[in-house]
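Participant: pasted the sequence and its predicted model underneath.
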Amino acid sequence: MDFSAILPDAIAPGVALLLIGASVFTSAITAAFGVGGGIVMLLLMSLFMPVSALIPVHGVVQLGSNAGRAFHMRSAAVPRMMVPFAIGGILGALAGGSVVTDLPDTVLKTVLAAFIILLTWVKLPPLPSAGSPLVFGIGGAISTALSMFVGATGPLVAALMGKAFETRHQVVANSAVGMMIQHVLKVAVFGFLGFSLAPWLPLTFAMIGSGFAGTILGARLLDRMDDGQFRFWFRIGVTIMAAELLRRALF
């Protein structure tokens, strides 16, 4: 069968198979350690895809990946706590264009990396609590606005959830819900701006399907860890992703 007939002109069949296989690996990373897979996938896709399609197509793939993870781990999700995050996300998506686009890309990525490290390693004041509606609303607004341009705010959302939830399953499940909300808003905005996703649908559906298989594998690894092990590797993973973001900003 000639797979090139259902692929965008910019993607060769071999590259498509590579991306589909990589989706298994990156989804497993995020399901097991709470962070990392989305940025790894973004970096890989950037090697083969045109810049104009990178952020929206990555958004659709990650929307499917996070939806699968949220469904698979739905028993640990706390939907009521995600309502203010969603409200803040809507405001961030609407306001992001007028506020963020005036800043250089280097500044955005540097600030984001510093904020991620701050949330991960610094003990924050007790008020307001990390799980309060106010913090979730602000977090949703900031991370969604930045995601429209940086395309790598998963570690920021994960760091926020790491402060708000006690168990590893809650951190991973609610990070997936938060990122799903972000990617829905991102895809909607790019659609409104006129980006045509139709040529990319066969590839994105295949990557979403393989990503769900990776989620199941990663969740099994998560079940075998205790909360102490997860917290350690979660912090290491978030810090590595922030360092990579800072490297790209500076160099």
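Facilitator: Cool, got the structure.

Participant: just the helices from the chain, written as ranges.
Facilitator: For the chain, the helices defined by DSSP state H cover 13-33, 37-46, 51-72, 79-100, 105-121, 133-147, 154-164, 168-192, 201-224, 227-250.

Participant: could you dump those helices into CSV and include distance to I6, mean pLDDT and mean neighbour count?
Facilitator: C-beta coordinates here come from the backbone N, C-alpha and C atoms, glycine included. Putting the helices of the chain into CSV (distance: least, CB to CB, whole Å; pLDDT from 0 to 100; neighbours: other CB atoms under 10 Å) gives the following:
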stretch, distance to I6, mean pLDDT, mean neighbour count
helix 13-33, 9, 89, 21
helix 37-46, 18, 79, 21
helix 51-72, 15, 85, 22
helix 79-100, 31, 78, 17
helix 105-121, 34, 72, 18
helix 133-147, 29, 83, 23
helix 154-164, 29, 80, 27
helix 168-192, 21, 85, 23
helix 201-224, 4, 90, 18
helix 227-250, 32, 79, 17
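
Participant: could those go into CSV alongside distance to L7?
Facilitator: Converted to CSV, these look like this (distance: least, CB to CB, whole Å):
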stretch, distance to L7
helix 13-33, 6
helix 37-46, 14
helix 51-72, 12
helix 79-100, 30
helix 105-121, 29
helix 133-147, 26
helix 154-164, 26
helix 168-192, 20
helix 201-224, 6
helix 227-250, 28
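
Participant: thinking M41 is in contact with G21, fair?
Facilitator: No: in this structure, M41 is not within contact of G21 by CB atoms under 8 Å, at 11.5 Å.

Participant: which residues touch the closest residue to A206 other than its chain neighbours?
Facilitator: Spatial nearest neighbour of A206, excluding adjacent residues (CB to CB, 6 or more residues apart in numbering): I20 at 4.9 Å. Contacts for I20 (CB atoms under 8 Å, 6 or more residues apart in numbering) come out as L203, A206, M207, S210.

Participant: so which of those residues is the closest to M225?
Facilitator: S210 (23.4 Å; CB to CB).

Participant: would you check that the closest one makes contact with L17?
Facilitator: No: under the criterion of CB under 8 Å, S210 is not in contact with L17, lying 10.1 Å apart.

Participant: OK, contacts around the residue nearest in space to the middle of the chain?
Facilitator: Centre of the chain computed as the mean C-alpha position; nearest residue by CA atoms, centre = their mean is G154, 3.6 Å away. Residues counted as contacts of G154 (CB under 8 Å, 6+ apart) are T30, V35, G36, G37, G38, I39, Q62, S175, M179, M241.
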